[in-house]
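[1] Quick one: sequence plus predicted model below, questions after.
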Amino acid sequence: MQSATNLSGTVAVVTGGGRGLGRAAALAFAGAGAAVTVVSRTEAELHEVVRLIGDDRCLAVAGDVGEEETARRVVAATAERFGGVDILMNNAAIVEPFVKMEEVTATEWERALSVNLKGAFFFARAVAPQMRRRGGGAIINVTSGLGSCALSPFGLYCIAKGGLNQLTRILALELKSDAIRVNGLDPGVMDTGMQEHIRAAGPHTLGAGTWRRFMSFKEEGLLDPADTSAHLALFLADPPLALTGEIGDAAHYASFGFAG
């Protein structure tokens, strides 16, 4: 994918980079000239991304983003291979469990928050020193409209994404003086595997009304391709655009870009 955005000489890390938006963003960053590290638990998907980009500019690291050690290992491997990190896209997420909050187990609670919230914190903390040494950078957290509203049986996902919104704002405030831009990207509803997974849960699990709503997104052609939000990620990663103030002043607030 070719782009007018020029990221030549930069290095990006994309979590959940094997499929959906993560894969589209990795390809977009590479198309703009960046070297890219993609992270996922599914090695076969990562190898396909490396094949598409080329192993001279793409590094695949398999791991669980919800574990602190993974973030340290990914950032260390990226720095060794490409010299540092300029862009981080915290994209990895899980939408399950589809249950009411009183039915959430301790294991499910920990898993959802680890992947959707703690992982973004671990990676942001790991890349900040790298970005600081390189004179700045960009952190893009993939958020969701469900982070600011309530929808059952997606309660645990709503809670995690709400926490991610606040993490984004706080990081934007604290890292501004280091020229590290932190933004949230809400991709809306995309035609990805996550949407397929939600539809497959069926009306018995989601409730008839909620299931019908998600089915209508597909049937009425309302799902955006992942490439749409990948282009917005390019915009948020591009220093010349960001530093003109076109995406808002991150001195006190993170700027949230919405695709769709």
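    Arrived safely.
[2] in stretch 48-68, what counts as buried?
    Within stretch 48-68, the residues that qualify as buried by neighbour count (16 or more other C-beta atoms under 10 Å) are 48-50, 53, 57-63, 65-66, 68. Quick note: C-beta positions are derived from backbone N, CA and C, even for glycine.
[3] average model confidence for it?
    Summarised as a single mean, pLDDT over stretch 48-68 is 95.
[4] Only C-alpha atoms, please: export it in CSV.
    As requested, C-alpha coordinates have been extracted for stretch 48-68 and formatted as CSV (Å, rounded to 0.1, in the frame of the first residue of the first chain):
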residue,chain,number,x,y,z
GLU,A,48,1.9,-13.8,6.3
VAL,A,49,2.3,-10.2,7.2
VAL,A,50,6.1,-10.5,7.0
ARG,A,51,5.8,-12.1,3.6
LEU,A,52,3.7,-9.2,2.3
ILE,A,53,6.0,-6.5,3.7
GLY,A,54,9.3,-8.3,3.3
ASP,A,55,11.5,-9.7,6.1
ASP,A,56,14.0,-6.9,5.6
ARG,A,57,11.5,-4.4,7.0
CYS,A,58,9.2,-6.5,9.1
LEU,A,59,9.8,-8.4,12.3
ALA,A,60,7.3,-10.9,13.7
VAL,A,61,7.2,-11.6,17.4
ALA,A,62,4.7,-14.0,18.9
GLY,A,63,3.5,-13.4,22.4
ASP,A,64,0.6,-12.5,24.7
VAL,A,65,0.3,-8.8,24.9
GLY,A,66,-1.4,-9.1,28.3
GLU,A,67,1.9,-10.2,29.8
GLU,A,68,4.5,-7.6,30.8
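[5] Let me see the ranges of the strands in this structure.
    11-15, 35-40, 58-62, 87-90, 137-142, 180-186, 255-258 (DSSP state E).
[6] rewinding a little: distance to Thr168 added to the buried residues of stretch 48-68, as CSV?
    CSV is the format used below for the buried residues of stretch 48-68 (distance: C-beta to C-beta, whole Å):
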residue, distance to Thr168
Glu48, 30
Val49, 25
Val50, 29
Ile53, 27
Arg57, 28
Cys58, 26
Leu59, 26
Ala60, 26
Val61, 23
Ala62, 26
Gly63, 22
Val65, 16
Gly66, 18
Glu68, 19
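[7] burial count for Glu96?
    Glu96 has 17 neighbours, counted by other C-beta atoms under 10 Å.
[8] got the contact list for it?
    Contacts for Glu96 (C-beta atoms under 8 Å, 6 or more residues apart in numbering) come out as Glu108, Ala112, Tyr157, His197.
[9] can I assume the third one is in contact with Cys149?
    No: contact status for Tyr157 versus Cys149: not in contact, 11.3 Å apart, counting by C-beta atoms under 8 Å.
[10] higher neighbour count, those two?
    Per other C-beta under 10 Å, whichever of Tyr157 and Cys149 has more neighbours is Tyr157, with 21 against 11.
[11] What residues does Gly18 make contact with?
    Val38, Ser40, Thr42, Glu45, Leu46, Glu48, Val49.
[12] Of those, which is the most crowded?
    Within these, Val38 tops the neighbour count with 33 neighbours, counted by other C-beta under 10 Å.
[13] excluding its backbone neighbours, what's nearest Tyr157?
    Excluding its sequence neighbours, the residue lying closest to Tyr157 (C-beta to C-beta, 6 or more residues apart in numbering) is Val95, at 5.2 Å.
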